[in-house]
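Q: no sequence on this one, just coordinates:
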């Protein structure tokens, strides 16, 4: 296993700094070694104080690690003071010889809320002593502006700043454009060529630690033998997902979630097995009296789904027959656009609602709901906007989104009474396929007791 020497500050909330760096290195299959440069007092609402580690203690940590462990790459983050910058530069210089490990430098100059994390003298020393040792420099827009002395308002300005910074010594500069208006464009340059790397503008209220995650992911990639462009592309992909699925922890800005893509991949087998078990129970209990004319499907998404490819359901649906419930094929990912639309919309506001099933509509649902402790909601296809109706699969996403409100308890059942050419339908939501199946069977029993089933 390749090692990454991480030199950074400590974040007690573990969203940034050493803690985030270690998570990312581990997730990407590298082994993190750590040198603490500062203890910060912070939470999701901001930084209250910074206590730099004495330079001699930073030196002792570095000496201990460098004298014992192999180092495949180095990641440097927060350094806090002039003395720490000089200490780190002095001890790394003999290690980062021409054929030595690559150095990724994330120039942490201030917290997101503006709290300074490196003194002015430290910034000058960082430019003079660490940039010449750097393989990849990863500033954001404010950092690139401060280090280069240029005003940055466009991607072209960002490229100018990146080129100026590369001329100060780094072999590569990745200038991150997330602070600029519009869709973000990062600029990667080696001084000769400059690559503009576009990305989507995400709604990412929980973005704490994104810069740390990117730099440590780059360092892990370089440690594992990737080229700089390859490491950068892999790191950008990881951070995009970490931002999209940021964690709403604390009362302020929560941390990014680099575990999201790994959780998604790990859950795929479990999702399929859970659907098989739930379908077997539906067949044993004979759910066919609740199967609509268009037949039913039962779906289950992996955690942090990105699209229909991350929602499994049954190809050919769950079929009503004189012999009972038929299951033409085992569950598979991407098997149902309709049930996927319901689930993908539900998880936007309620991430726990990863399973859903459609059933025949019964007018008695409102009357029976209190007896079953079900919360019920409905949408009306007649008021659906024309532009939504014209979009394939748009109706279900629109209808489900219209009744789900973030911060409110979600319904167990969402129904619509159809329209011309569209069958009225119930849709059960739950945290797992078996939870949905139990709701379906409870509804079946209540309908039978009320004499509403044939």
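A: Arrived safely, thanks for sending. Please read these numbers as outputs of a predicted model, since none were measured by experiment.

Q: ok, residues contacting the lowest-mean-pLDDT helix or strand in the chain?
A: One helix or strand of the chain scores below all others by mean pLDDT, DSSP states H and E: helix 386-389, with a mean of 76. With contacts defined as C-beta atoms under 8 Å, 6 or more residues apart in numbering, helix 386-389 is touched by 394, 395, 398. C-beta: built from backbone N, CA, C; applies to glycine.

Q: Just the ones in helices from the residues you listed, please.
A: Counted as lying in helices by DSSP state H, out of those, are 394, 395, 398.

Q: Just the buried subset of the residues you listed, please.
A: 395, 398 (16 or more other C-beta atoms under 10 Å).

Q: Identify, from the ones in helices among the contacts of helix 386-389, the entry nearest to residue 359.
A: Using C-beta to C-beta, residue 395 is the member of the ones in helices among the contacts of helix 386-389 that lies nearest residue 359, at 17.4 Å.

Q: Do you know the pLDDT at that closest one?
A: On the pLDDT scale, residue 395 is placed at 86.

Q: Tell me how many other residues crowd residue 29.
A: As a burial measure, residue 29 scores 11 neighbours (other C-beta atoms under 10 Å).

Q: In contact with it, which residues?
A: 1, 2, 220, 224.

Q: all helices for the stretch 201-350 of the chain, in order.
A: Secondary structure of the stretch 201-350 of the chain (DSSP state H, counting those that start in this stretch): helices at 210-223, 228-244, 260-266, 268-285, 337-349.

Q: Please identify the most buried of these.
A: helix 210-223 (a mean of 29; mean count of other C-beta atoms under 10 Å).

Q: Does anything pack onto it? Which helices or strands?
A: Counting contacts by 3 or more C-beta pairs under 8 Å, 6 or more residues apart in numbering; DSSP states H and E, helix 210-223 packs against strand 3-10, helix 17-27, strand 73-76, strand 103-105, helix 228-244.

Q: want to try TSV for those, with mean pLDDT and distance to residue 307 as columns?
A: Below are those laid out as TSV (pLDDT from 0 to 100; distance: least, C-beta to C-beta, whole Å):
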stretch	mean pLDDT	distance to residue 307
strand 3-10	98	32
helix 17-27	98	22
strand 73-76	98	32
strand 103-105	98	31
helix 228-244	97	12
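
Q: got any ranges where the stretch 201-350 of the chain has weak pLDDT?
A: For the stretch 201-350 of the chain, applying pLDDT under 70 flags no range at all.

Q: Tabulate the ones in helices among the contacts of helix 386-389 (CSV), appending distance to residue 185.
A: As requested, these are exported to CSV (distance: C-beta to C-beta, whole Å):
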residue, distance to residue 185
394, 30
395, 35
398, 32
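
Q: which one among the ones in helices among the contacts of helix 386-389 gets closest to residue 453?
A: residue 395 (27.6 Å).

Q: how about the helices in the stretch 351-454 of the chain?
A: 365-372, 386-389, 394-403, 433-449.

Q: Out of the contacts of residue 29, which end up buried?
A: Buried members of those, counted by 16+ other C-beta under 10 Å: 2, 220, 224.

Q: Of those residues, just say which sits nearest to residue 266.
A: residue 220 (18.9 Å).

Q: Let me know how buried residue 15 is, in neighbour terms.
A: Other residues close to residue 15 by other C-beta under 10 Å number 28.

Q: Over to residue 93?
A: The burial count for residue 93: 14, using other C-beta under 10 Å.

Q: I'd like the numbering to begin with 732 instead of 1 from here.
A: Right, with 732 as the first residue, what we last looked at is residue 824.
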